[in-house]
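Novice: Turn this into a structure:
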Amino acid sequence: MDKKNKTLGEFVIENQTSFQYSSGEFSRLINAIRLACKVVNHEVNKAGLVDILGAAGDTNIQGEDQQKLDVMANEIFIQTLKNREIVCGIASEEEDDFITINSHDELHQNKYVVLIDPLDGSSNIDVNVSVGTIFSIYRRVTPVGTPVKLEDFLQPGINQVAAGYIVYGTSTMLVYTTGHGVNGFTLNPAIGTFYLSHPDMQYPETGKIYSVNEGNYIHFHQGVKDYIKYCQLEEEDRPYTSRYIGSLVSDFHRNMIKGGIYLYPKSSMASNGKLRLLYECNPMAFIAEQANGKASDGFTRIMEIQPTELHERVPFFCGSPKMVEKAEEFMARQRDRENQ
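Specialist: This is a model prediction of the structure:
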């Protein structure tokens, strides 16, 4: 069989020996995520035809207005994972606290917890711009047979056993890693099956794209401003091209394929940054590193940060390794100047 003709299910089965834990459980978990993302994809594609656009009228734990599709996607993923009885706990960007899952047969016997951003970039739905889902999977650290606790979710990214994202764009793709490279699968909507379309995805060593919301430039720290000016200088292989969609999944996906860097630094408006460590930065950092990329907060490797709360925010620099390293040089240089 042609490698690119493999379905997601076939790929998981063929590669389950590379997964260091229970392959049967993991296969069921990936199948649950696959099912949920197909349902969400169906709903996203109906946007504009039915009343699912706009604000839902509530705010999430971060004080952000929830979109109707945020709420819908959150319910779909949580219910699908609950129904499969394969996880012992779920944490969602849209929920105030984590959710404990009880199995009908045995209480709290499952080993995995899932952290999820059900619909990243949902404010872009109204204007038909790509959005996505981000997920992260850990093995629980508390004893099996007991209810999950906060420490099961507050694990550093290096403890992830799998992570991935789904991008709902011109085509729907599921991209994931279990620590053995990154592979992308494209949905054939005619038959509802994901096929391996992007095997062994890799960041180029460097690129010509920088992705940052330059509207916030005045609020950035000087190190970030200096790096942006470096990107704009006309010398050597520069200037770089500015490309910013405002949907992390979409920006990340483009940069991984074409080569580039994504920046969401802290600023005078967001002293800790805006992106969430557990739901966005850790899973994307895991994928980036498995695809020859790099991810940091400007100084520290993202996956080595010890979380202290479910909805913790951090600065995020992620992309082609040489570009991230150059951005870190500017950050370190400014820190040295401030410490003199």
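Novice: Please, where are all the strands along the stretch 201-340 of the chain?
Specialist: 209-211, 241-242, 260-264, 294-296, 316-319 (DSSP state E, counting those that start in this stretch).
Novice: Can you add mean neighbour count and give those back as TSV?
Specialist: Placement of C-beta: from N, CA and C, glycine included. Below are the strands of the stretch 201-340 of the chain laid out as TSV (neighbours: other Cβ atoms under 10 Å):
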stretch	mean neighbour count
strand 209-211	24
strand 241-242	13
strand 260-264	26
strand 294-296	23
strand 316-319	28
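Novice: Would you format those strands as TSV with distance to residue 100 included?
Specialist: Converted to TSV, the strands of the stretch 201-340 of the chain look like this (distance: least, Cβ to Cβ, whole Å):
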stretch	distance to residue 100
strand 209-211	37
strand 241-242	44
strand 260-264	31
strand 294-296	30
strand 316-319	29
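Novice: right, and those strands - which one's nearest residue 122?
Specialist: Proximity to residue 122 (Cβ to Cβ) singles out strand 260-264 among these, at 16.6 Å.
Novice: Pull the distance from the closest one to the chain's centre.
Specialist: Centre-to-centre, strand 260-264 and its host chain are 14 Å apart (Cα atoms, centre = their mean, to the nearest Å).
Novice: if we can go back for a sec, any idea which of the strands of the stretch 201-340 of the chain gets closest to residue 99?
Specialist: Residue 99 lies closest, by Cβ to Cβ, to one member of the strands of the stretch 201-340 of the chain: strand 316-319, at 25.5 Å.
Novice: Given that closest one, what are its sheet partners and their directions?
Specialist: Note on strand 316-319: by DSSP bridges, its sheet partners are strand 260-264 (antiparallel), strand 294-296 (antiparallel).
Novice: so can I have TSV of those showing mean pLDDT and distance to residue 198?
Specialist: Shown next, in TSV, are the strands paired with strand 316-319 (pLDDT from 0 to 100; distance: least, Cβ to Cβ, whole Å):
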stretch	mean pLDDT	distance to residue 198
strand 260-264	98	17
strand 294-296	98	19
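Novice: can you tell me which of those comes nearest to residue 15?
Specialist: The nearest among the strands paired with strand 316-319, by Cβ to Cβ, is strand 294-296 at 23.8 Å.
Novice: For the closest one, which outside residues touch it?
Specialist: Contact with strand 294-296 is made by 281, 284-285, 288-289, 301-303, 316-321, 324-325, 328, as judged by Cβ atoms under 8 Å, 6 or more residues apart in numbering.
Novice: Can you pick out the ones from those residues that are in helices?
Specialist: If you go by DSSP state H, those have 284, 285, 288, 289, 321, 324, 325, 328 in helices.
Novice: Mind checking which of those residues are buried?
Specialist: Those of the ones in helices among the contacts of strand 294-296 that meet the buried threshold are 284, 285, 288, 289, 321, 324, 328, by 16 or more other Cβ atoms under 10 Å.
Novice: Touching, the fourth one and residue 304? I think so.
Specialist: I take that to be residue 289. No. Taking contacts as Cβ atoms under 8 Å, residue 289 lies outside contact range of residue 304: 11.1 Å.
Novice: Let me know which of the strands paired with strand 316-319 is the nearest to residue 178.
Specialist: With Cβ to Cβ as the measure, strand 294-296 is the member of the strands paired with strand 316-319 nearest residue 178 (17.6 Å).
Novice: Measure how far that closest one is from the centre of its chain, please.
Specialist: The chain centroid and the centroid of strand 294-296 are separated by 13 Å under Cα atoms, centre = their mean.
Novice: And for residue 151, the neighbour number?
Specialist: 11 (other Cβ atoms under 10 Å).
Novice: quick one: contacts for it?
Specialist: When the contact criterion is Cβ under 8 Å, 6+ apart, the partners of residue 151 are 141, 142.
Novice: Quick check: the gap between it and residue 307.
Specialist: 10 Å (Cβ to Cβ, to the nearest Å).
Novice: For this structure, which element, helix or strand, carries the lowest mean pLDDT?
Specialist: strand 55-59 (a mean of 51; mean pLDDT, DSSP states H and E).
Novice: from the ones in helices among the contacts of strand 294-296, which single one is nearest residue 72?
Specialist: Relative to residue 72, the closest of the ones in helices among the contacts of strand 294-296 is residue 284; by Cβ to Cβ it sits at 23.0 Å.
Novice: quick one: that closest one and residue 135 touch, right?
Specialist: No. In this structure, residue 284 is not within contact of residue 135 by Cβ under 8 Å, at 10.8 Å.
Novice: between those two, what contacts are shared?
Specialist: Shared contacts of residue 284 and residue 135, defined by Cβ under 8 Å, 6+ apart, comprise 163, 165.
Novice: Tell me the one of the buried ones among the ones in helices among the contacts of strand 294-296 nearest residue 239?
Specialist: residue 324 (18.2 Å).
Novice: can you tell me which residues contact the closest one?
Specialist: By Cβ under 8 Å, 6+ apart, the residues touching residue 324 are 261, 293, 294, 295, 296, 317, 318.
Novice: try residue 31
Specialist: Applying Cβ under 8 Å, 6+ apart, we find residue 31 in contact with 9, 12, 84.
Novice: Now, the residues you listed that are in helices?
Specialist: Those of the contacts of residue 31 lying in helices (DSSP H): 9, 12, 84.
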